[in-house]
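>>> generate coordinates for the sequence data below:
(chains A and B)
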Amino acid sequence: MNARDTTLRKTKPEWQLKLYVAGHTTKSMAALQNLKHICETHLAGRYEIEVVDLLVNPQLAAGDQILAVPTLVRKVPEPIRKIIGDLSNEERVLVGLDVRPLP
Amino acid sequence: MAQRARKKTTPRPGADAPRTLPKTPTGIAGLDEITEGGLPTGRPTLVCGAAGCGKTMLAVEFLVRGATLHGEPGVFMSFEESGGDLVANMRSLGFDLEKLQRDKLLAIDHVRIERSEIEETGEYDLEGLFIRLGHAIERIGAKRVVLDTIEALFSGLPNQAVLRAELRRLFHWLKDRGMTAIVTAERGDNTLTRYGLEEYVADCVLLLDHRIVDQVSTRRLRIVKYRGSSHGTNEYPFLIGDRGLSVLPITSPRLDQPAYAERVSTGVRGLDEMLGGQGVYRGSSVLVSGSAGTGKSSLAASFVDAACKRGDKAVFFAYEESDKQLLRNMRSIGLDLERWQKKGLLDIHASRPTLHGLEQHLVAMYETVRLVQPAVVVVDPISNLTMQDGDSLLKATLVRLIDFLKFQGVTSVFTTLTHSAPNGAVHLSDIGISSLMDSWVVLSNLEYNGERTRTVQVPKSRGMAHSNKVREFVFSDHGVDLIDVFVADQRVLTGSARQSREEQQKAAARWRERDHEQRLRQLANQRQLLDAQIAGLLAAADAREVELALAIERETAGIADAAAASARGRKQRRPS
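Just a heads-up that it's a prediction; the model follows:
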């Protein structure tokens, strides 16, 4: 896809997440911030986030079957999981990503 | 977003409705007729119906015809079938979706939502769907869009409030982009659609239905609403044939068929004579009605035979006999149809009436007639096609078929079975159908004097002089012929009654002849007798005359003797 992707593959982080957004809407920004917060809290150093702006790359929407925006896709570890919404509910996000919260 | 699309062509106006709403022809046989031009241009149309009633088929054909016939590329967004499945399924209808995709006339996007994969948290919208659709539209410059079946989202997305708001936005969005769209939806229990999509798509709603009556399935289409346009309001039968969807009527509802002055023979000399001596008009329809065994098929076969003799093509739709049976049976009355079949002039299509619904038969007929281009078409009998349906349906179907055949200039013969009525009276149920026909030949059985004979009459034949006589219909080993019947004692005599009457007349003539001869002979005899009598009398008179002469002579002689004696005496006294 792009250079950044290949570097991701090289480092092979345990969690590869993709966040699909459509432009810089409040929902998108909120989702990104919430995601970063959750990852830093629970997956620090073990994750990589790729943000895909569908307004820029609309052809990428079909590949991951994106309908709702924002959508967070957990590519790795398998199986693929999707979480739609602005990720405001931390508990639901963790359930969705299947991450056991740290004590 | 849609600049490319807008740049390419201006929205195509409806073909024949310039003053009303602009319409986009679907290219589906018959649908454009009943919608009077097509679907509303630049607006979404809702197509709803139960599972398996042909929604997807209709939607795909809308895109395919748009791409191939009207140069309008289309996007198919499938929420159910995958792109591969869709391509495979549509190949059976002769639609090569892969080629259309390669030619950039079609874009297929399969939207799959797996509820189990999705977790929902916080606010979201369906901008992703819009982006995908917009991207596909832009990529090929689409003018047409199909969303099939968008309701699948309701089971995939947990938040219905968001979904409904987004759907409303989607339909506006489609309108803003000037997309002529078809949105399919599943039929609900008491509503048009299970999720109430009719709330959002209000311009045009088509309802498809798949019904099974007496084990025969029929598909029907109805325009529930069409804002800003008049439209046919009936339920129209439609079918999915091997070349796509056909909504009936295929032909126009107006009566503007060509009229031919040319006449064609019915193949029965006597019947031609009854029809003004020349047979029926080309392109007209002839109804042959009669009860069982009155010779309907034979008459129809004669018609076909005559056409083939002229070198014309004919199609015989047989719903009672197999083609082999028909050939054999017609051979028995001297009609060799097999030679025409071998020459390629005659097509016999034998099928069971229950094989399809009425409409399917009709479409099969349409396709055959289009393919063969015959001059004469026989449907034997039409009454068999209605085993499962009411008369009204048959009539409507017939109107369409007759219209169609007339447009093609095809002379048609329909036979229909009626139940025998006493005295050869015309059965009432014929009358409904007969009003559609140009000529009507009634065959009836006349039972009299211990036997049954066939009679024929022509109650009606538009635009020509036709005989009002009842004639007798006979089979010989060289086909069918008509014989003048005998009318005597104010009734029609046929069969052996006619023959005996004929014999009687002949005998009477012979008798009269002999009588005359006898009377002449008698006269001659009398004359001879009289002559003899005259001769006798003359002879008697002659005899009498002779006798008399003798007597006179004798008497005279006596007198002389006496005189002599006295003279002798005197002489003795005085010697002379």
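>>> with adjacent residues omitted, what lies nearest to whichever residue of the stretch 101-250 of chain B sits closest to chain A?
Closest approach of the stretch 101-250 of chain B to chain A (C-beta to the nearest C-beta) occurs at B:Glu119, with a separation of 3.1 Å. Every residue, glycine included, has its C-beta placed from N, CA and C. In space, and not counting its chain neighbours, B:Glu119 is closest to A:Gly96: 3.1 Å by C-beta to C-beta, 6 or more residues apart in numbering or on different chains.
>>> let me know the secondary structure of that neighbour.
With DSSP: H, G, I helix; E, B strand; the rest coil as the basis, A:Gly96 sits in helix.
>>> scan the chain for its longest helix.
With no chain named, the answer covers chain A. helix A:26-42 (DSSP state H).
>>> the chain in question should be chain B.
Assigned via DSSP H, chain B shows its longest helix as helix B:495-573.
>>> tell me the mean pLDDT over stretch A:28-42?
The average pLDDT for stretch A:28-42 rounds to 89.
>>> and the longest helix of chain B, what does it pack against?
If you count contacts as 3 or more C-beta pairs under 8 Å, 6 or more residues apart in numbering or on different chains; DSSP states H and E, helix B:495-573 packs onto strand B:439-448, strand B:451-461, strand B:486-488.
>>> low-confidence ranges in chain A?
Counting by pLDDT under 70, chain A has low-confidence residues at A:1-11, A:101-103.
>>> which residues of it lie near chain B?
Residues of chain A lying near chain B by C-beta under 8 Å from any C-beta of the partner chain: A:20, A:22, A:27, A:30-31, A:34, A:54-55, A:58-59, A:61-62, A:65-71, A:79-89, A:92-93, A:95-96.
>>> if we can go back for a sec, closest to chain A out of the helices and strands packed on helix B:495-573?
Between chain A and those, the tightest spacing by C-beta to the nearest C-beta is seen for strand B:439-448, at 62.8 Å.
>>> quick one: the helices in chain A?
Along chain A, the segments classed as helices by DSSP H run A:3-11, A:26-42, A:60-63, A:90-97.
>>> tell me which of those sits nearest to B:Gly232.
Taking C-beta to C-beta, helix A:60-63 is the member of the helices of chain A nearest to B:Gly232, at 39.0 Å.
>>> ok now the longest helix of chain B, how far from the chain's centre?
A distance of 85 Å separates the centroid of the chain from that of helix B:495-573, by C-alpha atoms, centre = their mean, to the nearest Å.
>>> any idea of the pLDDT on the residue of the stretch 101-250 of chain B closest to chain A?
So B:Glu119 comes in at 83 (pLDDT).
>>> please state the offset of stretch B:35-51 from the chain centre?
Chain-centre distance of stretch B:35-51: 33 Å, with C-alpha atoms, centre = their mean.
>>> in it, what counts as buried?
B:35-49 (16 or more other C-beta atoms under 10 Å in any protein chain shown).
>>> which one of those is nearest chain A?
Using C-beta to the nearest C-beta, B:Pro44 comes nearest to chain A of those, at 18.5 Å.
>>> excluding its backbone neighbours, what's nearest that closest one?
B:Ala181 (4.0 Å).
>>> can you confirm the one you found is in a strand?
Yes. Counting by three-state DSSP, B:Ala181 is part of a strand.
>>> re the thing from before, looking at the helices and strands packed on helix B:495-573, which is buried most?
Neighbour counts (mean count of other C-beta atoms under 10 Å in any protein chain shown) averaged over each of the helices and strands packed on helix B:495-573 peak at strand B:439-448, with a mean of 22.
>>> now that one: average pLDDT?
The average pLDDT within strand B:439-448 is 82.
>>> what sits up against stretch A:27-40?
A:15, A:17, A:19, A:21-22, A:47, A:49, A:51, A:69-70, A:72, A:85-88, A:90, A:93-94, B:122-125 (C-beta atoms under 8 Å, 6 or more residues apart in numbering or on different chains).
>>> at 6 Å instead, please
Contact with stretch A:27-40 is made by A:19, A:21, A:47, A:70, A:86-88, A:90, A:93, B:123, as judged by C-beta atoms under 6 Å, 6 or more residues apart in numbering or on different chains.
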